[in-house]
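# sequence first, predicted model second:
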Amino acid sequence: MYPDERRILMTPGPVVFSVDTLRFMASTVYEHTSPDFALIHGDAIRRFRVVIGAPSGAPVFILPGSGTLAMEVALVNVVKPGSRVLVLSHGFFGDRWAEIAKAHGYSVTTLSSELGEVVGLEAVVEELSKGGYEALLVTHVETSTGVRADIEKLAGIARRFDVTLLVDGVSSVAAEPINCGSWGVDVIVTASQKALETPPGLALIALCTERAVEAYERYSASVKSYYARLNLWAKVMEAYERGEVAYFATPSTHLVVALAKSLEKILAEGLERRFRRHALLAKAIRAGLRGMGLEVVARREEIAASTVTAALLPEGVNPLDVRKAMMNGNIVIALPIHPALRGRSIRIGHMGSVNHNDVIATIALLERVLKRLGAPIELGRGLEEAQRVLYEEGL
């Protein structure tokens, strides 16, 4: 095994955090009601709006917590209690949307895709045409299968049927193109530890349309949770953006500082350049996997995510053995979480600061690992296909 500090993290989160971000986070201790922290927090809010394409002034909330907390808090603050919601599930986290909604007493209808597919737009239109729905809930990138929903088209459908669209962008924001303002996405949520390249612990929520803001103003005060009422957090977020201090509950100061720095670096790279980089590296990963004879779970290239890829292993190969052997080579990949994929697949994350050298190292080591575990792998075939993609794209 090589020294730990040389480890390559190829998981769907947490991702590798830049030295600059970690150094900035640890540079000093920020007191949460200090003017210098307020300025940094305000920067984080403004930069986050740019990354997601939210209108200027759109309410943004940065809370201590996980992506699941962001999903839950967003739902109960903008969707009428007890109303009917439609969930589009492409896997584990789509099902989580349904579980959260049921836990809060919403009437839930779920449209589920086949494994490695997304729910067809025609099916969504057909279901919403029945009437009575208040909201549409969907995960942008389904981490368990590596598929990506067409959020722009779904936003158009949501507007057509006058339902509120809530998007789980945990595994997409800052890596996949999304423009909440021009697309008409009502609410988007995400978390810090993925393509935002910040340590775990921040839940982010943005209300991007007038519809979402009006719903929040109507329902937030009646949320049956003190901590989760966004109207109580709003005065703090608004004050921070003015460079002033306010208090409701103690924020994760170091993580907010790290987020502000990471967002600065993301915007410096340029969003279009960043989106293209993620798309090309994902394409190379998929080509490498197919080159060595593995089946990518996402059935079509047009729905394959730029941030995570799930692949089926050869018959008789245990994912636990693959992960352990990869870790011994100092590359970390993820185990499956989709019930239908457990025991027979792996997941490779490729988001954040991942580069072409990480892709080549991962494919090369995976070939060796699978061959040693008895799979019928021809060394170099996967590597050749990944190299071809990178070469043709000028990387």
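Noted; the coordinates are in hand. Computed from a predicted structure; not experimentally measured.

# on contacts alone, who are the packing partners of the worst-scoring helix or strand of the chain on mean pLDDT?
Sorting the helices and strands of the chain by mean pLDDT, DSSP states H and E puts helix 19-25 at the bottom, at a mean of 81. In terms of contacts (3 or more C-beta pairs under 8 Å, 6 or more residues apart in numbering; DSSP states H and E), helix 19-25 is packed against helix 253-269. For glycine as for every other residue, the C-beta is placed from the backbone atoms N, C-alpha and C.

# which parts of the helix it packs on are buried?
Neighbour-count burial for helix 253-269, counted by 16 or more other C-beta atoms under 10 Å, picks out 253-263, 265-266.

# and which of the residues you listed is nearest M237?
Nearest to M237 among those: V256, at 11.1 Å, using C-beta to C-beta.

# distance of that closest one from E214?
28 Å (C-beta to C-beta, to the nearest Å).

# coming back round to it: run the chain-centre distance for the least confident helix or strand of the chain.
Relative to its chain's centre, helix 19-25 lies at 22 Å (C-alpha atoms, centre = their mean, to the nearest Å).

# quick check: buried residues in that helix?
For helix 19-25, the neighbour count (16+ other C-beta under 10 Å) marks T21, L22, F24, M25 as buried.

# contacting residues for the second one?
In other words, L22. By C-beta atoms under 8 Å, 6 or more residues apart in numbering, L22 lies in contact with A258.

# just the CA atoms of the least confident helix or strand of the chain, as CSV, please.
Provided in CSV are the C-alpha atoms of helix 19-25 (Å, rounded to 0.1, in the frame of the first residue of the first chain):
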residue,chain,number,x,y,z
VAL,A,19,-5.6,22.3,-0.1
ASP,A,20,-6.6,25.9,-0.6
THR,A,21,-10.1,25.3,0.7
LEU,A,22,-8.9,23.3,3.7
ARG,A,23,-6.2,25.9,4.5
PHE,A,24,-8.7,28.7,4.3
MET,A,25,-11.1,26.8,6.5
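
# re earlier: got CSV for the buried residues of helix 19-25, with distance to L9 too?
Listed next are the buried residues of helix 19-25 as CSV, based on distance: C-beta to C-beta, whole Å:
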residue, distance to L9
T21, 14
L22, 14
F24, 20
M25, 18
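
# quick check, nearest of the residues you listed to A174?
Of all those, A174 sits closest to T21, with 13.0 Å by C-beta to C-beta.

# residues contacting that closest one?
Neighbour list for T21: E197, T198, A258, K261, S262, K265 [criterion: C-beta under 8 Å, 6+ apart].

# let's have those residues in JSON lines, adding pLDDT.
Below are these laid out as JSON lines (pLDDT from 0 to 100):
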{"residue": "E197", "pLDDT": "95"}
{"residue": "T198", "pLDDT": "96"}
{"residue": "A258", "pLDDT": "95"}
{"residue": "K261", "pLDDT": "95"}
{"residue": "S262", "pLDDT": "96"}
{"residue": "K265", "pLDDT": "96"}
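
# farthest-apart pair in the buried residues of helix 19-25, please.
L22 and F24 (7.3 Å).

# so what sits against both of the two?
A258.

# quick check: phi and psi on N328?
Main-chain torsions, N328, degrees, to the nearest 10: phi -60, psi -30.

# quick one: the longest helix seen in the chain to helix 253-269, angle?
If you go by DSSP state H, the chain has its longest helix at helix 271-291. With axes from the mean of the first three to the mean of the last three C-alpha atoms, to 10 degrees as the basis, helix 271-291 and helix 253-269 are set at 90 degrees to each other.
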